[in-house]
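> no letters, just coordinates:
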């Protein structure tokens, strides 16, 4: 296998990262991908940085064993707390979802007030605020953890009164602050775009890190002459750490197409 | 250490089992306890039976290494899918939360229509229905998974409009069926008793497995002459698999008293 036709490796704590895979498939349809969802230990957003970093290392090592040419940390929590550690552990480019999202948010805000919503771990880490303020330290960033959004999405309740009331409750502080840009700092949240934009009202910019990350991947692979322009032997592989069944049913909603060839692996056993 | 003064071992996927510990402390104040919360891999309710069983074995082995005189599986999901396997793996009595809850529900129902709410894994396993119908197979049992209840409790939103609307949504089928008894088949749910009884209306029997399980533990230890009537060296130990901080803050709400001496352990490393 030559270097260009090697797959892109992507991991997430579960199915959420499929929103990132979806954008990669759209933007770079010739690229092969290996996706790992750590479904036996999902969700990462409620765990400590040390535990998330340990899990991220195991995921990275697994993807690297699949001879990937690049690793995408398609999980806001893992990107927030363990990206630098992962970067130092493998000799291929590693990209997370925070920087691309932060860059897009900083570029689009008019009044320099940006809101970030995500898991408890992502918000606590302050990773978006740091990334945004490295670009422009006159921007104010407000973060709020929204732990009910992930189960809401997985339950399929992305529309209707309950979703609206939960969004109202979480976002009332953001509205009071007068933000003009809202970063969806969790890979599940793009499925809530409709309700979030309705609750925030007209004129709000919603930043979807998945889209921004796919763009950044194209740039990085292009710079390194690693784009698979020929599209030889394009393939999609999926690995999970728990039973593939739920991953398949819920995952197809995220990806918007059928998922084949899901293989279950046991990461801890490799320690 | 003589056998009577040995501690009772209790495990749960996280903090929920503290509602069971609380009832044990109330009913058997002289007993020492060792509690293990597998917070690095919580929640179990979304995982496959195989994965939950693997985690349960690791938890059991850890508690057994602490020389406990009995093991309490204070987690509805683990009790539902792995109790028999655990029972066969250690030479001390093992008790789950399903049988005691089922027994109490079967005893109290008047119209022989019982509802069970719990995690996806507990409901899918049909464990309550099987246990209830072993007692009286003329009883009808209706189960519904309520995945939003656990994050709702952990968010502290146990009262108010949002909790009420979610409960209305989950329970509307139960109300239509005309159940007179509702089993709280998840250790988090006792914190939702107020809203559940308001939504179900007058005359509903709410069965709290935690209370029933504490009663059953007393019976079993009494029969085996293992009750610590002297109350020598009473102690409470807590172990978690992720950082103790969140366990402490959220856990104290569950237990209703301060939690001291929480120690972090790594279960997978012992494989």
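That came through, no problem. Source: prediction; values computed, not measured.
> low pLDDT regions in chain A?
Residue ranges of chain A with pLDDT under 70: A:1, A:268-271.
> what residues does it have near chain B?
A:39-42, A:46-48, A:50-51, A:147-148, A:150-152, A:154-155, A:157, A:161-162, A:165-166, A:169, A:241-243, A:245-246, A:268-269, A:271 (C-beta under 8 Å from any C-beta of the partner chain). The way it works is simple: take the backbone N, C-alpha and C, and place the C-beta from them, glycine included.
> are any of those residues buried, and which?
A:39-42, A:46-48, A:51, A:147-148, A:150-152, A:154-155, A:157, A:162, A:165-166, A:169, A:241-243, A:246, A:268 (16 or more other C-beta atoms under 10 Å in any protein chain shown).
> list the contacts of residue A:228.
Applying C-beta atoms under 8 Å, 6 or more residues apart in numbering or on different chains to residue A:228 gives the contacts A:4-5, A:28, A:30-32, A:234.
> right, and the helix or strand after the helix or strand harbouring residue A:123?
Applying DSSP states H and E as the criterion places residue A:123 in helix A:120-125. Next along the chain after helix A:120-125, taking DSSP H and E as the criterion, comes helix A:127-135.
> flag every buried residue along that next one.
Buried residues in helix A:127-135, counted by 16+ other C-beta under 10 Å: A:127-129, A:131-133.
> with stretch A:44-60 instead?
Result for stretch A:44-60 [16+ other C-beta under 10 Å]: buried residues A:44-49, A:51-60.
> spell out the residue ranges of the helices in the stretch 1-150 of chain A.
A:18-27, A:49-65, A:76-87, A:98-108, A:120-125, A:127-135, A:149-155 (DSSP state H, counting those that start in this stretch).
> residue A:163 and residue A:155 touch, don't they?
No. Taking C-beta atoms under 8 Å as the definition, residue A:163 is not a contact partner of residue A:155, at 9.6 Å.
> hmm, back to that, nearest to chain B among the buried residues of stretch A:44-60?
residue A:48 (3.5 Å; C-beta to the nearest C-beta).
> pull the contacting residues for the closest one.
Residue A:48 sits next to A:121, B:242-243, B:245-246 when contact means C-beta under 8 Å, 6+ apart.
> where's it relative to residue B:13, distance?
According to C-beta to C-beta, to the nearest Å, residue A:48 stands 16 Å off from residue B:13.
> cool, residue A:241 as well?
Applying C-beta to C-beta to residue A:241 and residue B:13 gives a distance of 16 Å.
> now residue A:182
Separation of residue A:182 from residue B:13 (C-beta to C-beta): 33 Å.
> and those two? Which one has more around it.
For residue A:182 versus residue B:13, neighbours defined as other C-beta atoms under 10 Å in any protein chain shown are more numerous around residue B:13 (29 against 23).
> which residue ranges of the stretch 151-271 of chain A form helices?
A:161-177, A:193-200, A:209-223, A:244-255.
> which among the ones you listed is found nearest to residue A:101?
Among the helices of the stretch 151-271 of chain A, the nearest to residue A:101 by C-beta to C-beta is helix A:209-223 (3.5 Å).
> which residues sit against the closest one?
Applying C-beta under 8 Å, 6+ apart, the contact partners of helix A:209-223 are A:8, A:19-20, A:22-24, A:26-28, A:31, A:69-70, A:72, A:74, A:76, A:93, A:95-101, A:103-104, A:183-185, A:187, A:190, A:227.
> the same query, at a cut-off of 7 Å, please.
A:8, A:19-20, A:23-24, A:26-28, A:70, A:72, A:76, A:93, A:95, A:97, A:100-101, A:103-104, A:184-185, A:187, A:190, A:227 (C-beta atoms under 7 Å, 6 or more residues apart in numbering or on different chains).
> same check on stretch A:2-12?
A:17, A:20-21, A:24, A:31-38, A:59, A:63, A:66-75, A:187, A:217, A:226-228, A:232-233.
> can you select the buried ones among the residues you listed for me in ChimeraX?
Of the contacts of stretch A:2-12, the buried ones go into a single ChimeraX selection, burial set by 16+ other C-beta under 10 Å:
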select /A:17,20,21,24,31,32,33,34,35,36,37,38,59,63,68,69,70,71,72,73,74,75,187,217,226,227,228
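> spit out the contact partners of the residue lying closest to residue A:205 once chain neighbours are set aside.
Closest residue in space to residue A:205, ignoring its immediate chain neighbours: residue A:181 at 4.3 Å, by C-beta to C-beta, 6 or more residues apart in numbering or on different chains. The contact partners of residue A:181, by C-beta under 7 Å, 6+ apart, come to A:105, A:108-109, A:114, A:205, A:207.
> again, only using 6 Å
A:105, A:108-109, A:114, A:205 (C-beta atoms under 6 Å, 6 or more residues apart in numbering or on different chains).
> who wins on neighbours among those residues?
Ranking the contacts of residue A:181 using other C-beta under 10 Å puts residue A:114 first, with 29 neighbours.
> okay, and the beta partners of that one?
residue A:141, residue A:181 (DSSP bridges).
> wait, it sits on residue A:141?
Yes. Taking contacts as C-beta atoms under 6 Å, residue A:114 lies within contact range of residue A:141: 5.1 Å.
> coming back round to it: name the pair among the buried residues of helix A:127-135 with the greatest separation in space.
A:127 and A:133 (11.0 Å).
> nearest to chain B: which residue in the stretch 151-271 of chain A?
residue A:243 (3.5 Å).
> could you find the closest non-adjacent residue to that residue?
Excluding the flanking residues, the one nearest residue A:243 by C-beta to C-beta, 6+ apart is residue B:48, at 3.5 Å.
> kindly report the same for residue A:75.
Per C-beta to C-beta, 6+ apart, closest to residue A:75 is residue A:12, 4.3 Å.
> just residue A:68 next, same as before
In space, residue A:68 is closest to residue A:9, 3.3 Å off (C-beta to C-beta, 6+ apart).
> so what's the one you found bridging to?
Bridge pairing for residue A:9 - DSSP bridges - gives residue A:34, residue A:71.
> how many other residues sit next to residue A:136?
12.
> any idea how far residue A:96 is from it?
As judged by C-beta to C-beta, residue A:136 and residue A:96 stand 20 Å apart.
> same deal with residue A:254?
Counting by C-beta to C-beta - residue A:254 and residue A:96 are separated by 19 Å.
> cool, and residue A:255?
Residue A:255 is 20 Å from residue A:96, by C-beta to C-beta.
> looking at the two, which is more packed in?
Applying other C-beta under 10 Å to residue A:255 and residue A:96 shows that residue A:96 carries more neighbours, namely 26 against 18.
> is that one in contact with residue A:73, as I believe?
Yes. Using C-beta under 6 Å, residue A:96 is in contact with residue A:73, at 4.4 Å.
> shared neighbours, those two?
residue A:79.
> residue A:63: what's it in contact with?
Taking C-beta under 6 Å, 6+ apart, we find residue A:63 in contact with A:9, A:36, A:71.
> can you flag the buried ones in the contacts of helix A:209-223?
Buried among those by 16+ other C-beta under 10 Å: A:8, A:19-20, A:23-24, A:28, A:70, A:72, A:76, A:93, A:95, A:97, A:100-101, A:103-104, A:184-185, A:187, A:190, A:227.
> who are the contact partners of residue A:64?
Contacts for residue A:64 were tallied using C-beta under 6 Å, 6+ apart; they are residue A:90.
> and the gap between it and chain B?
In this view, residue A:64 and chain B are 20 Å apart by C-beta to the nearest C-beta, to the nearest Å.
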